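[1] Show me the folded form of this:
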Amino acid sequence: MALHTSKSMRAEVAYTLDRSGDYSIQTDTLEVFHAFLYENREAHQKSIQFLKEHWEEAYIPLLIDILHMSLDDWLKQELAGILEEKTEQSFGTDYFQWLQWMWKQEPVYKSFYGDFKSRLYSYIDPPFDQYFRDRHQLSTIRLDEVVWGGVPQDGIPPLRYPHMLTAQAATYLSDNDIVFGLFVNGEAKAYPKRILGWHELFIDTIGGVDIAGVYCTLCGTVIAYDMEYKGTKHRLGTSGFLYRSNKLMYDAATQSLWSTIEGQPVIGPLVGQDIVLETYSVTTTTWGKWKERHPDTQVLSLETGHQRNYDEGAAYKDYYATDRLMFPVAKTDGRLKNKAEVLIIRLPGYREDPLAISAAFLQKRKKKLYQDQISETPFVVLTESNGASRVYERIDVKFDSYKKGVLKDKNGQSWTVSESKLSSQDGKVLKRLPSHRIFWFAWFNAHPTTRLIK
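    Have a look, this model is predicted:
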């Protein structure tokens, strides 16, 4: 058996044969590969023979996808044998090794690959069909780097406008629990890691703005996006697919796939429309420190409508316990451990001048501040004793120290630090800049030319 398919699905397959009973060279390529999706050993053998006689490099990604999805050990061995013979590699049926090798090569797939991927994964979940069908030319990323994460669309259930509690009512939280704090237009809300780890996406209104908080647990980041762009509100969800071990979102209207890291569509009809969602700062901190700064904050309730183990550290416990990755990536960089956290500042020009700052580096600094610039925009990072960092514009100001909540510039003037801005005694105001944390391996795979501060 190749896949869990119904009898009606198996009956759909048809084979184009010449008079000798073999596949013709003019056979539709997709028919050859679709034969591997059904329980028909004779059809498998004929397709295997066709591949041996009419081999093309463009077949490599299709065979690797089948290696991943097939439940037929005989078929997997046969297809692995073809791959090894034609590529002179020796990875057997190891799907991940084949992926990592393929991603180091130039892409070889042709236009039929998207339609094959569409058919293959639609058997897992019908909405998957739209992600890839007829979208070969509507993609800014390599289609062969898009891998299934093991769940259907929204199989990790998002929290849409979830029930919230006051800080006083949130008795289930301890002061040391990790939360992701947002402060938008004067309103503070907190989303505990222990809950968000099981849902990976929340949709909520904060300060009058509809926010999509996307948590990629594999790459250790929560990024907050404004769902509205130029008058259109994009209803986002979890696609079930990954790109370089980073979750891809989808929008309900067009079923386009979106990059979590970039906040823009990467596959589908929205590609090429210059859509880039605005980001808001996410502060990774402890519940005790967050509610101390924001006693009027709201925080997620345990009443999510789902039954999960919401204890601190329960979600992805084994994954976070080691530096190993769950899914392969194209490359890694040994300057930091894979899952070392880095701070990313989303200033204009960050794609052209990418910068990542080690969270451990920021926490160890005696003055608890770091000053630099991205492109031509200077900034300052202020870090609390518990490691929580906030980034502000700096313009022509140079700061000297930040100790016990007191910020002073080079002239000895004190500044008031709030969630949204820095204010000087003489009336100057420096606004907060959007930032978030992420695992080093994930950021490096998105921006390999990144300047790293560690």
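[2] how near is Ile261 to Ile60?
    Ile261 is 27 Å from Ile60, where distance means CB to CB, to the nearest Å. (Glycine included, C-beta is placed from N, CA and C.)
[3] cool, Thr254 as well?
    30 Å.
[4] just Glu200 next, same as before
    Distance from Glu200 to Ile60, by CB to CB: 31 Å.
[5] List the buried residues of stretch 367-377.
    Across stretch 367-377, burial judged by 16 or more other CB atoms under 10 Å covers Lys368, Leu369, Tyr370, Ile374, Thr377.
[6] Convert stretch 222-229 to CSV, retaining C-alpha atoms only.
    The C-alpha coordinates for stretch 222-229 follow below in CSV (Å, rounded to 0.1, in the frame of the first residue of the first chain):
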residue,chain,number,x,y,z
VAL,A,222,6.5,34.4,18.5
ILE,A,223,6.0,37.1,15.9
ALA,A,224,3.0,39.5,16.1
TYR,A,225,1.5,40.6,12.9
ASP,A,226,-1.2,43.2,12.1
MET,A,227,-3.7,41.1,10.1
GLU,A,228,-4.8,44.0,8.0
TYR,A,229,-2.8,45.3,5.0
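[7] Report the mean confidence score over it.
    Average pLDDT, stretch 222-229: 98.
[8] Then stretch 346-357?
    94.
[9] got the buried residues for that stretch?
    Under the neighbour-count rule (16+ other CB under 10 Å), stretch 346-357 has Arg346, Leu347, Tyr350, Asp353, Pro354, Leu355, Ala356, Ile357 buried.
[10] Repeat that for stretch 392-404.
    For stretch 392-404, by 16+ other CB under 10 Å, it's Tyr392, Glu393, Arg394, Val397, Phe399, Tyr402.
[11] For the residues you listed, work out which two are farthest apart.
    Distance extremes for the buried residues of stretch 392-404: the farthest pair is Glu393 and Tyr402 at 15.5 Å, using CB to CB.
[12] Give me the neighbour count for Val406.
    11 (other CB atoms under 10 Å).
[13] Model confidence score at it, please.
    So Val406 comes in at 91 (pLDDT).
[14] and the residue nearest to it when sequence neighbours are not counted, what does it touch?
    Once flanking residues are discounted, Val406 sits nearest to Ser414: 6.4 Å by CB to CB, 6 or more residues apart in numbering. Ser414 makes contact with Val406, Leu407, Lys408, Ser424, Gln425, according to CB atoms under 8 Å, 6 or more residues apart in numbering.
[15] Which parts of the chain are helices?
    Counting by DSSP state H, the chain has helices at residues 7-10, 29-34, 41-53, 60-69, 73-87, 95-103, 112-122, 128-132, 193-196, 287-293, 317-320, 359-364, 440-446.
[16] tell me the average confidence for the fifth one?
    The average pLDDT within helix 73-87 is 97.
[17] tilt between that helix and helix 60-69?
    150 degrees (axes from the mean of the first three to the mean of the last three CA atoms, to 10 degrees).
[18] got it, and the third one?
    Counting by the same axes, to 10 degrees, helix 41-53 lies at 150 degrees to helix 60-69.
[19] Summarise which helices and strands helix 41-53 is packed against.
    Counting contacts by 3 or more CB pairs under 8 Å, 6 or more residues apart in numbering; DSSP states H and E, helix 41-53 is packed against helix 29-34, helix 73-87.
[20] got a markdown table for these, with mean neighbour count and distance to Leu236 too?
    Formatted as a markdown table, the helices and strands packed on helix 41-53 follow (neighbours: other CB atoms under 10 Å; distance: least, CB to CB, whole Å):
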| stretch | mean neighbour count | distance to Leu236 |
| --- | --- | --- |
| helix 29-34 | 19 | 31 |
| helix 73-87 | 16 | 35 |
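[21] so which of these gets nearest Ala442?
    helix 73-87 (28.1 Å).
[22] Can you give the contact residues for that closest one?
    Against helix 73-87 from outside (CB under 8 Å, 6+ apart): 2, 36, 44, 48, 51-52, 55, 57, 60, 63-64, 66-67, 70, 89-93, 98, 101.
[23] can you give me how far that helix is from the chain middle?
    Computed by CA atoms, centre = their mean, to the nearest Å, the chain-centroid distance of helix 73-87 equals 31 Å.
[24] if I look at Leu201, how far off is Pro158?
    4 Å.
[25] next one: Gln168
    With CB to CB as the criterion, Gln168 and Pro158 are 27 Å apart.
[26] ok, these two, which is more surrounded?
    Pro158 (19 against 8).
[27] Next, the more buried one: phi, psi?
    In terms of degrees, to the nearest 10, the main-chain angles of Pro158 are phi -70, psi 160.
[28] wait, doesn't it sit right on Asp204?
    No. Judged on CB atoms under 8 Å, Pro158 makes no contact with Asp204 at a distance of 10.5 Å.
[29] thinking again about what came up before, out of the buried residues of stretch 392-404, which is nearest to Gln363?
    Of the buried residues of stretch 392-404, the one sitting nearest to Gln363 (CB to CB) turns out to be Tyr402, at 12.5 Å.
[30] Beta-bridge partners for that closest one, please?
    Leu407 (DSSP bridges).
[31] contacting residues for it?
    Contacts of Tyr402 by CB under 8 Å, 6+ apart are Lys367, Lys368, Leu369, Leu382, Thr383, Lys408, Val417.
[32] From the residues you listed, which land in strands?
    The strands, defined by DSSP state E, take in Leu369, Leu382, Thr383, Lys408, Val417 from the contacts of Tyr402.
[33] how close does Glu145 sit to Lys46?
    31 Å.
[34] My error: substitute Asp353 in the last question.
    Relative to Lys46, Asp353 is positioned 54 Å away (criterion: CB to CB).
[35] do Ser259 as well
    Per CB to CB, Ser259 is found 40 Å from Lys46.
[36] Please apply the same query to Leu71.
    On the measure of CB to CB, Leu71 and Lys46 end up 20 Å apart.
[37] between the two, who's got more neighbours?
    Lys46 (19 against 11).
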